[in-house]
Every structure is written in C-alpha cells, then in structure tokens.
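Colleague: Provided below for reference: sequence and predicted model.
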Amino acid sequence: MEENLKVFSGNANLELAKEICDVLQITLGKAFVGRFSDGEIQIKIEENVRGCDVFIVQSTFPPAENLFELLLMIDAVRRSSAKRITAVIPYYGYARQDKKDKPRVPISAKVIANLLESSGADRILTIDLHVEQIQGFFDIPVDHLYAAPVFIEHLQDFERKDLVVVSPDPGRVNRARAMAKRLGNLPIAIIDKRRPSPNIAEVMNVVGEVKGKNSLIIDDIVDSGGTIIGASEALKREGALKITACCTHPLLSGNASEKLQESKIEEMIVTNTISIHPEKRNAFLQVLTISNLLGEAIHRIHTEQSVSTLFV
Ligand code: R5P
C-alpha cells in the first residue's frame with residue numbers, strides 16, 4: 001500500500017485505471033465524472049486529496065469530452081489542495097498536428113500541452129507519443145514510456161528467423177530500428193508513404209529486402225488502418241510472407257477493424273491505451289495490457305525513483 005498515493009480516472013480508460021490500481025494494490029479513487037442534463041461535464045472528487053500525490057488516468061482520444069474530463073478533474077484536484085498532480089495519458093491525442101508544415105494549420109499538440117499545464121498538471125506520464133518532440137511542448141516534467149517492452153515480452157516465442165521489422169513510413173524508422181535491435185539485431189525495411197490528404201495513405205516504394213521473409217510492421221497509431229493495410233499490400237507485392245503488425249494505440253475509426261481482418265495482415269497486436277468499443281473487438285485483434293508498465297512507472301514516480309529503466 002503506497003502512502004498518500006491516489007489514482008483517479010475519467011471515463012476514457014476506466015478498466016485500465018482499475019488494472020493499474022490492482023498492480024499498485026490500491027483502490028481506485030472515488031470521483032463522480034458525469035453530465036448535467038444538457039450534456040455538460042460535471043465532476044466531483046468524492047474523497048479527501050489534501051496533501052496527496054494524485055495520478056489521473058485518461059487518454060485523450062475522441063470525443064473531445066475525454067480531454068475535457070481530464071482538464072476538469074485536474075482542476076478539481078488542484079483546488080482540493082493535492083500536493084502533486086500527474087496526468088497519466090496512455091494515448092496523447094491531438095498529437096498528429098505537431099508542427100506548422102502548411103499555411104494556416106494549428107499546432108494542436110501544443111494547444112493540448114498548454115491546456116494541461118494551465119489546468120494544474122504538475123507532471124505528465126504518457127506512452128509512445130506520436131513524435132518525441134512533444135515532450136518539449138511542456139514546461140513541466142514528461143515521463144515518456146515506450147510500449148516496446150510489452151510487445152517484446154509478447155513476442156518472446158515469435159519466430160525470428162527470416163524476420164524483418166518494417167517501419168510503415170520514414171517517420172517511424174527510429175522506433176523500428178530500436179525494436180529490431182531488441183528482437184536480436186534483425187534487419188529493417190522502410191515503406192516510403194505519402195499522404196495526399198488526411199486519412200489517405202499512398203505507398204510509393206519498399207526500401208529494404210523483404211522477399212521470402214516474414215514482416216513485423218511497427219506503428220504508433222492504427223486509425224483508419226490505411227497505413228498498415230497499404231504497407232502490407234506493398235510488402236506482399238515485393239514477395240513478403242507472413243505479415244504481423246504491432247500498433248500501440250488502436251483508434252480503429254470507422255470500419256478499420258473489419259478492413260484489417262480482411263487484409264493481408266495475419267496477426268494484429270495492439271495495447272489497451274485506448275479502450276476498444278465492444279463492436280470493434282474481434283478475435284483477430286490481440287490486445288496487450290500496459291497496466292504493469294504504467295503501474296510500475298506510477299510507483300517509481302511516487303517513491304521518487306528513476307523511471308529511466310522503463311524507457312527502452
Ligand atoms: C502516421 O504518421 C502515424 O504514425 C500512423 O501511421 C497513422 O496515424 C495511422 O493512421 P491510419 O491508420 O489512418 O493510416
């Protein structure tokens with residue numbers, strides 16, 4: 001039992017928050033996270049948090065209500081005199097607009113960082129940010145974990161002979177390389193992807209040797225599924241054999257679940273940073289839990305120990 005440690009949750013990841021509490025051997029903090037009759041969010045923290053080290057678990061995937069619940073919970077806890085507030089954001093949404101690379105676009109990742117800080121968050125704990133530079137959008141400490149150890153543990157008995165790790169776009173090469181190294185210095189391949197418009201992914205070329213090999217695609221997000229389905233088709237055209245995909249954050253918008261099941265991908269592994277709607281769950285999707293990783297990180301932050309051993 002950790003002293004003065006409290007974990008609360010909004011509605012986005014309630015199951016995950018309970019799992020994290022099981023890891024920490026504490027009970028989830030009592031909070032009312034409901035709605036007024038017009039739909040406005042209403043929050044009430046229902047236990048004393050004065051002087052406590054408070055962690056609020058909430059991913060910020062759509063709807064924006066998830067983000068708003070988190071901001072209001074932080075505000076409520078701050079006004080209740082908590083000693084320190086950590087926003088535990090397994091999936092940091094609004095991260096895909098991270099720079100002004102076209103005229104008249106926002107940097108939404110920075111807007112969210114500003115909102116979290118001004119609400120009263122003292123620290124951020126998150127997993128597989130879309131780009132690592134988002135850490136610098138905050139002036140408070142950010143502990144950025146990787147889901148890679150969770151995937152690697154799951155893949156312990158995975159056949160590694162003739163396996164190539166594939167980055168589905170040039171932006172993810174570093175993560176693919178790190179994964180390939182951890183899996184035993186495997187070769188990597190890179191998909192040269194273009195996005196002619198949002199949510200449309202067009203594969204141009206496959207860079208690297210994939211013919212006659214099994215492929216393991218590594219990505220942070222699976223949203224429409226277009227990126228990894230396009231990658232799998234390109235890999236097949238180049239003569240790849242079995243294709244497996246590991247994606248940390250399963251947004252799975254629209255009919256992505258069905259499209260993936262019908263695609264050339266034979267195994268699809270995701271984590272529970274985002275709770276998958278029951279209608280989108282199917283036997284094809286293997287969901288790994290990140291509760292141990294987050295539970296360990298929370299324990300270490302609370303006891304002022306290094307969390308760097310968890311950054312791999
Ligand atoms: C892009 O840079 C990301 O890493 C993902 O590849 C992308 O967000 C996945 O989106 P979708 O599944 O819609 O192609």
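Modeller: Ah, there it is.

Colleague: for stretch 134-149, give me every contacting residue.
Modeller: 92, 95, 98, 107, 109-110, 113, 116-117, 121-129, 132, 175, 178-179, 182, 248, 271, 273, 288, 290, 293-294, 297, 301, 307, 310-312 (C-beta atoms under 8 Å, 6 or more residues apart in numbering). Bear in mind the C-beta positions are built from the backbone N, C-alpha and C, glycine included.

Colleague: for stretch 223-236, same thing?
Modeller: By C-beta under 8 Å, 6+ apart, the residues outside stretch 223-236 that reach it are 166, 168-169, 189, 191, 193, 199-203, 205-206, 210, 215, 217, 219, 222, 243, 245, 247, 251-254, 256, 259-260, 263-265.

Colleague: for stretch 255-262, same thing?
Modeller: Residues contacting stretch 255-262 (C-beta under 8 Å, 6+ apart): 222-225, 228-229, 245, 252, 268, 280-282, 284-285.

Colleague: picking up where we left off before, selection in ChimeraX covering whichever of the contacts of stretch 134-149 are buried, please.
Modeller: The buried residues among the contacts of stretch 134-149 can be selected in ChimeraX (16 or more other C-beta atoms under 10 Å) with this line:
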select :92,95,98,107,109,110,113,116,117,121,122,123,124,125,126,127,128,129,175,178,179,182,248,271,273,288,290,293,294,297,301,307,310
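
Colleague: residue 72 in helix, strand or coil?
Modeller: Secondary structure assignment for residue 72 (DSSP: H, G, I helix; E, B strand; the rest coil): helix.

Colleague: how many neighbouring residues does it have?
Modeller: 17 (other C-beta atoms under 10 Å).

Colleague: and residue 204, by the same measure?
Modeller: Residue 204 has 11 nearby residues by other C-beta under 10 Å.

Colleague: flag every residue of the stretch 201-312 of the chain that's near the ligand.
Modeller: Counting by C-beta under 6 Å from any ligand atom, the stretch 201-312 of the chain comes close to the ligand at 201, 219, 220, 221, 222, 223, 224, 225, 226, 227.

Colleague: of the contacts of stretch 255-262, which is the most crowded?
Modeller: residue 228 (30 neighbours).

Colleague: just the ones of the contacts of stretch 134-149 in strands?
Modeller: Counted as lying in strands by DSSP state E, out of these, are 123, 124, 125, 126, 127, 248, 271, 288.

Colleague: nearest residue to the first one other than its sequence neighbours?
Modeller: Using C-beta to C-beta, 6 or more residues apart in numbering and skipping the chain neighbours, the partner closest in space to residue 123 is residue 86 (4.3 Å).
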